[in-house]
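[1] One predicted model, sequence on top.
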Amino acid sequence: MGGSSASPCDLDREFAPQIAQLIATPPLQAAQEYYDELIQSKKHDGIRVNFSSKHGKGVCANKDFAEGDLILKDQILVGSQHSLNKIDCAVCSYCFRFIGSIEFQIGRRLYWQSIGLSSDCTDRGHCHESDVGSSASSSGATKENSNTLPEEVLVSLITGDKSLPFTDHFSLPQVVPCCGCEEERYCSQSCADSDWETYHSLLCTGSKTESSRKSALQKFVEHANGSNDIFLVAAKVITFTLLRYKKLKIQSEFQKNTDESNFSLLMEAWKPISMGFKKRWWDSVALPEDVDSCDEDSFRQQIRDLAFTSLQLLKDAIFDPECAPLFSLEVYGHIIGMFELNNLGLVVASPIQDYFIHIDDLPDDKKEEAKKVTRPFLDALGEDYAVPCEGTAFFPLQSCMNHSCCPNAKAFKRDEDIDGHAVILALKPIRKDDEITISYIDEDVPYEERQAQLADYGFICACPRCQEEKPY
Ligand SMILES: [Zn+2]
Ligand SMILES: [Zn+2]
Ligand SMILES: [Zn+2]
């Protein structure tokens, strides 16, 4: 496996004992307390997280649920929109709601499409080769499109000078730009402030950042966009921890400023992340089909080296000697593994879909009139006219739910779920104390296929259905 050759990272050796503590499974009691507190603070009184020696972590019902009931709306701990998806969808960088207006969304996407930014032959071709082990999903605006509209029309949609009929039924929050850079946008000042405090103040490439750090950050982002955008979300995990650490440090000013006390603050800041750990990325990622099994070692070493390159670039930008173990390759690999081995991505449906459906449902006379205006835009957008917002995210409670091939719950976004939360609904009546299970895979396939897909998550399923269908 990939760990066979020595790590290229000096910090891995220098801070080996601290790193071992960071990546260790948290003690049972500390984990139980963490989840009890989280559930209480978010008022998710319908569930609890249980630990058993046999099945590990799991989520149980704390009350009865009827079919279709909402079980949980789980807020993202750390998440990020896929780089390519940013071309198709303008969403709040903190809560992932669509922002601006229907006109802004349509105009922006067609504008990028018209200058070729979203076509297959640009970025995408390059990034594919080295996009190893990525679960980044595709963006919709990749098709060549001959229905180009005049640039000035698209620009006037973006600026708000031109409006489309009936979009007032689909108003979106106004765009609040980051106070530093032009990369991040928000649905509100409160999302902008939260993002700044939680992750972005260390990652902003805008005017508030000193220029040496700024250019280092730009190099890091460029590398991630060209190789695997999972590094962007890994960087957010690190800044999330660093900023929590700094806050804790201010709160405990009276304490001695020793290496030991600093490390215990780092452990505390790191706690929410430590709960979600699985395995090292390069050891656990499934071997792509085009890689021969005898090349497995070199493949795993190659993606480890890619992660190391990314980490070096990130260190150039935000390294903090007090939190040095956090910048080790070992920790970076575990952070990435946590996202790659997760079963639920970030998805938010596009309001553009609802908009065109609304136009289609109008009474005939109104419909004809509206369509005269909207038709060219719909044609230009093409088949995938309503690409959803997609990205990588970690949901602290949803990720505790175990898999079953006959699950009693599922992740499902209802019409009112317009942000990045994970929404879990009951598929059948669930009684108090029953375990709540979801399916990590498409469960409508035969036994062997299910087991093969679940092998990527590192377990053999022994759910009631698998027990029954298991060949003798
Ligand atoms: Zn927001
Ligand atoms: Zn910024
Ligand atoms: Zn099963």
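    Yep, that arrived. Numbers count the residues shown, from 1 in each chain. Ligands and ions are numbered 1, 2, ... in the order given.
[2] now the residue lying farthest from the centre of the chain: how far from residue 371?
    Relative to the centre of the chain, the most outlying C-alpha is that of residue 365, 43.5 Å out, by C-alpha atoms, centre = their mean. Between residue 365 and residue 371 the distance is 11 Å, computed by C-beta to C-beta, to the nearest Å. C-beta here means a position set from N, CA and C on the backbone, and glycine is covered the same way.
[3] can you give me the helices in the stretch 251-400 of the chain?
    Along the stretch 251-400 of the chain, counting by DSSP state H, counting those that start in this stretch, helices occupy 259-274, 281-284, 296-318, 329-340, 351-360, 364-381.
[4] which of these is buried the deepest?
    By mean neighbour count, with neighbours taken as mean count of other C-beta atoms under 10 Å, helix 329-340 ranks first of the helices of the stretch 251-400 of the chain at a mean of 25.
[5] now the angle from that one to helix 259-274?
    20 degrees (axes from the mean of the first three to the mean of the last three C-alpha atoms, to 10 degrees).
[6] what residues does helix 329-340 touch?
    In this structure, residues lying in contact with helix 329-340 by C-beta atoms under 8 Å, 6 or more residues apart in numbering are 7-9, 11-12, 19, 22-23, 133-135, 230-231, 233-234, 237-238, 273, 276-285, 304, 307-308, 310-311, 325, 392-394.
[7] Inside strands: which ones of these?
    Secondary structure defined by DSSP state E assigns 392-394 of the contacts of helix 329-340 to strands.
[8] can you give me the strands in the protein?
    47-52, 56-61, 70-74, 78-81, 176-177, 185-186, 346-348, 389-394, 402-403, 409-411, 422-426, 435-438.
[9] does the fifth one come close to ligand 2?
    No: when contact is scored as C-beta under 5 Å from the ion, no part of strand 176-177 falls within range of ligand 2; the minimum is 8.3 Å.
[10] What strands line up against that strand, and which way round?
    strand 185-186 (antiparallel) (DSSP bridges).
[11] And for the fourth one?
    Taking DSSP bridges as the criterion, strand 78-81 forms sheet pairs with strand 389-394 (antiparallel).
[12] Would you mind listing the buried residues in the partner strand?
    389-394 (16 or more other C-beta atoms under 10 Å).
[13] what angle separates it from strand 422-426?
    80 degrees.
[14] neighbouring contacts of strand 389-394?
    So strand 389-394 is contacted by 76-82, 85, 89, 91, 96, 98, 135-137, 139, 229-230, 233, 276, 338-339, 342, 344-348, 350, 420, 422 (C-beta under 8 Å, 6+ apart).
[15] Relative to ligand 3, which of the buried residues of strand 389-394 is nearest.
    residue 394 (23.9 Å; C-beta to the ion).
[16] Relative to ligand 2, how far out is the closest one?
    22 Å (C-beta to the ion, to the nearest Å).
[17] Quick check: closest non-adjacent residue to that residue.
    Leaving aside its chain neighbours, residue 394 sits nearest to residue 77 (4.9 Å; criterion: C-beta to C-beta, 6 or more residues apart in numbering).
[18] Test my guess that the one you found contacts residue 398.
    No: applying C-beta atoms under 8 Å as the test, residue 77 and residue 398 come out as separate, 10.2 Å apart.
[19] What about the residue in the stretch 351-472 of the chain that ligand 1 sits nearest to, how many residues nearby?
    Residue nearest to ligand 1 within the stretch 351-472 of the chain (C-beta to the ion): residue 419, separated by 6.9 Å. Neighbour count of residue 419, defined by other C-beta atoms under 10 Å: 21.
[20] what's it sitting at in phi/psi?
    phi -130, psi -170 (degrees, to the nearest 10).
[21] Likewise for residue 46?
    Dihedral angles (degrees, to the nearest 10) for residue 46: phi -80, psi -10.
[22] need the residues of this protein near ligand 1, please.
    92, 94-95, 187, 191.
[23] Can you tell me which of those residues is closest to residue 414?
    Using C-beta to C-beta, the shortest approach to residue 414 within those belongs to residue 95, at 16.5 Å.
[24] got the contact list for that closest one?
    187, 191, 419-420.
[25] Which of the residues you listed fall in helices?
    If you go by DSSP state H, the contacts of residue 95 have residue 191 in helices.
[26] Make CSV from the contacts of residue 95 and add distance to residue 359 and pLDDT to it.
    Formatted as CSV, the contacts of residue 95 follow (distance: C-beta to C-beta, whole Å; pLDDT from 0 to 100):
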residue, distance to residue 359, pLDDT
187, 24, 98
191, 30, 98
419, 25, 96
420, 27, 96
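[27] Once you drop chain neighbours, what's closest to residue 420?
    Nearest residue to residue 420 in three dimensions, chain neighbours excluded: residue 96, at 3.4 Å (C-beta to C-beta, 6+ apart).
[28] same deal with residue 189?
    Using C-beta to C-beta, 6+ apart, the closest residue to residue 189 is residue 176 (5.7 Å).
[29] buried stuff in stretch 448-463?
    So for stretch 448-463, counting by 16+ other C-beta under 10 Å, buried means 450-451, 453-454, 456-457, 461, 463.
[30] right, and the pair among those with maximum separation?
    456 and 463 (16.7 Å).
[31] Counting neighbours, what do you get for residue 435?
    Residue 435: 17 neighbours (other C-beta under 10 Å).
[32] Contact partners for it?
    50, 58-61, 402.
[33] Which pLDDT value goes with it?
    Note on residue 435: pLDDT of 96.
[34] Then residue 290?
    Predicted confidence (pLDDT) for residue 290: 84.
[35] now do residue 198
    pLDDT, residue 198: 97.
[36] now do the one 5 residues further on
    According to the predicted model, the pLDDT of residue 203 comes to 96.
[37] I'd say it and residue 214 touch.
    No: using C-beta under 8 Å, residue 203 is not in contact with residue 214; the gap is 10.5 Å.
[38] Looking at those two, which is more packed in?
    residue 203 (25 against 18).
[39] where in the protein is pLDDT low?
    Along the chain, the model assigns pLDDT under 70 to residues 1-4, 117-147, 255, 343.
[40] how about the residues of the stretch 101-250 of the chain that lie near ligand 2?
    178, 180-181, 184, 204, 206.
[41] With respect to ligand 3, which of those is nearest?
    For those, the nearest to ligand 3 is residue 184 (40.9 Å; C-beta to the ion).
[42] got the contact list for the closest one?
    Contacts of residue 184 (C-beta under 8 Å, 6+ apart): 93, 177-178, 192, 195, 200, 204.
[43] can you list the residues of the chain near ligand 3?
    So far as C-beta under 5 Å from the ion goes, the chain lies against ligand 3 at 405, 461, 463, 466.
[44] Go again with 6 Å.
    404-405, 461, 463, 465-466 (C-beta under 6 Å from the ion).
[45] now, which of these lie close to ligand 2?
    Counting by C-beta under 6 Å from the ion, no member of those is near ligand 2.
[46] out of these, who's nearest ligand 2?
    Distances from ligand 2 to these, taken by C-beta to the ion, are shortest for residue 404, at 41.8 Å.
[47] ok, now which ones touch the closest residue in space to the closest one that isn't next to it in sequence?
    Using C-beta to C-beta, 6+ apart and skipping residues adjacent in sequence, the residue nearest residue 404 is residue 437, 3.6 Å away. The contact partners of residue 437, by C-beta under 8 Å, 6+ apart, come to 401-404, 407-409, 463.
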